[in-house]
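Enquirer: Any chance you can model this:
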Amino acid sequence: MDQSLFKFDLIAEDPTTHARAGVLHTPHGDIETPIFMPVGTKANVKGIPTETVKQLGAQIVLANTYHLSMRPGEDTIAELGGLHKFMNWHGPILTDSGGFQVFSHNDAVKLTDEGVRFIVNDYDGRHVFWTPEDNMEIAMKLGSDICMQLDQCPGYPATRAYVERAVELSSMWAERCYNAHTRDDQALFGIVQGGMHLDLRLRSLRHLEECGDFPGYGIGGYSVGEDHETMFETLAPLVSEYMPKHKPRYLMGVGNPTTLVRGVGVGIDMFDCVLPTRTGRMGTAFSSEGRLNFRNARFAHDDGPIDPTCTCPVCTGGYSRALIRHMVTQKEMLGGILLSMHNIYYLLNLMQRARQAIIEGRYGAFVSDWMNSPAAVDY
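Expert: This next block holds a predicted model:
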């Protein structure tokens, strides 16, 4: 598997933290890291036109292998010219394996060394069996720039024995995915599992390094029920001390602003999460004042923008807090769309500011200033 089209260049490393700025080169464009990646689960970022997502500053978006394989199907997407054309997004795309969605079916899942059988109870109720090879075939037909190995993501809390089994299975599947993946213009990332056990995380990482030359690594199995302090107890040493320096590190499914700031500080390069759009649809916004709930009556007569320090199209476009609150409380769809746009821009802009602070060698002060600001109250 020749993946020479994918190269990760380190541009700068912060002298007082483990933060780094880089560029990940892909066939559909370069990605400046650290970066937040908006999630377009079913081939669209919910409620936001593709051109708007780009205008907000997105360099790469995600789509979900499980959902796209169910509807409209990978063969249909391939027939229509591949995922870039289908989504009308001509920059880089990352597709996750769909493993998280498969295992969220809980009792409708049967797991073996060979693969996973599950009931598609969120679509048509049919029984599906996926092997790692099946999963790679789907990913290659979709044609994203980056795809992820099929893995088992254990929730939290879980027994050590259960997490250890998930590591063994994910490691076995990683090797099979690596051997089955043959598309040179698509990078396959391995995924480090291991729950909150650092020794299991290191076992997972070691096996990935032994079974193939993955051009990048996902870090899965965090933000699955544990508090963020518990997460960083193992995440921080894993990333800063043990993960390969010259390959991108992708913390999967994490998206609140403070965790992004802290994650960059320990050496994470890439993040994704549905949080900015999901919370937007629920009527809440990230801001320099912390998380804002626009169902709150205090915004009813406020003619200021969502965040006076923000330069997104919503905050600079004349949409007042009072109007946003009115739309949210009256269930007008535009309210959730505008809040989603603001939230995505907020995280993208935060990563741009973080990158600049790293390049200027002042990321330690950046983190300190953030943690001492009202913006850090973002839960």
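Enquirer: tally of neighbours for A322?
Expert: 15 (other C-beta atoms under 10 Å). No exception for glycine: its C-beta is placed from N, CA and C like everyone else's.
Enquirer: quick one: it is in a helix?
Expert: Yes: counting by DSSP: H, G, I helix; E, B strand; the rest coil, A322 is part of a helix.
Enquirer: could you check the distance from it over to D269?
Expert: 39 Å (C-beta to C-beta, to the nearest Å).
Enquirer: Helices of the stretch 151-300 of the chain, residue ranges please.
Expert: 160-180, 198-211, 228-237, 257-266, 275-281 (DSSP state H, counting those that start in this stretch).
Enquirer: Work out the gap between the longest one and the centre of the chain.
Expert: Translated: helix 160-180. Relative to the chain's own centre, helix 160-180 is displaced by 21 Å; criterion: C-alpha atoms, centre = their mean, to the nearest Å.
Enquirer: Could I get the average pLDDT for it?
Expert: If you average the pLDDT over helix 160-180, you get 97.
Enquirer: ok, now the second one?
Expert: Throughout helix 198-211, pLDDT has a mean value of 98.
Enquirer: and T329, what is it in contact with?
Expert: G283, F294, R295 (C-beta atoms under 8 Å, 6 or more residues apart in numbering).
Enquirer: returning to that earlier point: using TSV, lay out the helices of the stretch 151-300 of the chain together with mean neighbour count.
Expert: Formatted as TSV, the helices of the stretch 151-300 of the chain follow (neighbours: other C-beta atoms under 10 Å):
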stretch	mean neighbour count
helix 160-180	20
helix 198-211	19
helix 228-237	17
helix 257-266	24
helix 275-281	23
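Enquirer: Just send the ones you listed back as a markdown table, with distance to D145 too.
Expert: Output for the helices of the stretch 151-300 of the chain, formatted as a markdown table (distance: least, C-beta to C-beta, whole Å):
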| stretch | distance to D145 |
| --- | --- |
| helix 160-180 | 16 |
| helix 198-211 | 20 |
| helix 228-237 | 25 |
| helix 257-266 | 22 |
| helix 275-281 | 21 |
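Enquirer: Would you point out the helix or strand in this protein whose mean pLDDT is lowest?
Expert: Lowest on mean pLDDT, DSSP states H and E among the helices and strands of the chain sits helix 99-103, with a mean of 89.
Enquirer: which residues touch that one?
Expert: Defining contact as C-beta under 8 Å, 6+ apart, one finds that helix 99-103 is touched by 64, 66-67, 109, 116, 118, 130, 135, 148, 150-153, 220, 253.
Enquirer: how about 6 Å then?
Expert: Helix 99-103 has contacts (C-beta atoms under 6 Å, 6 or more residues apart in numbering) with Y66, V116, F118, L150, D151, C153.
Enquirer: any idea which element the nearest residue to D75 once chain neighbours are set aside lies in?
Expert: Counting by C-beta to C-beta, 6 or more residues apart in numbering, K141 is the residue found nearest to D75 once chain neighbours are left out, at 6.6 Å. Using DSSP states H and E, K141 sits within helix 132-142.
Enquirer: Mind giving me the packing neighbours of the next helix-or-strand element following that helix?
Expert: Using DSSP H and E, the helix or strand that follows helix 132-142 in sequence is strand 146-148. Secondary-structure packing of strand 146-148 (3 or more C-beta pairs under 6 Å, 6 or more residues apart in numbering; DSSP states H and E): strand 93-96, strand 187-192.
Enquirer: Check the burial of I306 by counting its neighbours.
Expert: Burial measure for I306: 26 neighbouring residues, criterion other C-beta under 10 Å.
Enquirer: Show me the strands in the stretch 201-350 of the chain, by range?
Expert: 217-219, 249-251, 270-273, 284-285, 292-293 (DSSP state E, counting those that start in this stretch).
Enquirer: thought L56 was touching N343?
Expert: No: L56 lies out of contact with N343 (C-beta atoms under 6 Å); the separation is 9.8 Å.
Enquirer: and the two? which has more neighbours close in?
Expert: Ranked by neighbour count (other C-beta under 10 Å), L56 and N343 place N343 first, with 28 against 23.
Enquirer: contacting residues for the closest residue to that one other than its chain neighbours?
Expert: In space, and not counting its chain neighbours, N343 is closest to P276: 3.4 Å by C-beta to C-beta, 6+ apart. P276 makes contact with N343, I344, L347, according to C-beta under 6 Å, 6+ apart.
Enquirer: can you do 8 Å?
Expert: For P276, the contacting residues are P38, G255, F286, S340, N343, I344, Y346, L347, by C-beta under 8 Å, 6+ apart.
Enquirer: looking at this, the first one is in a strand?
Expert: Yes: applying three-state DSSP, one finds P38 inside a strand.
Enquirer: That one contacts V53, doesn't it?
Expert: Yes: using C-beta atoms under 8 Å, P38 is in contact with V53, at 6.1 Å.
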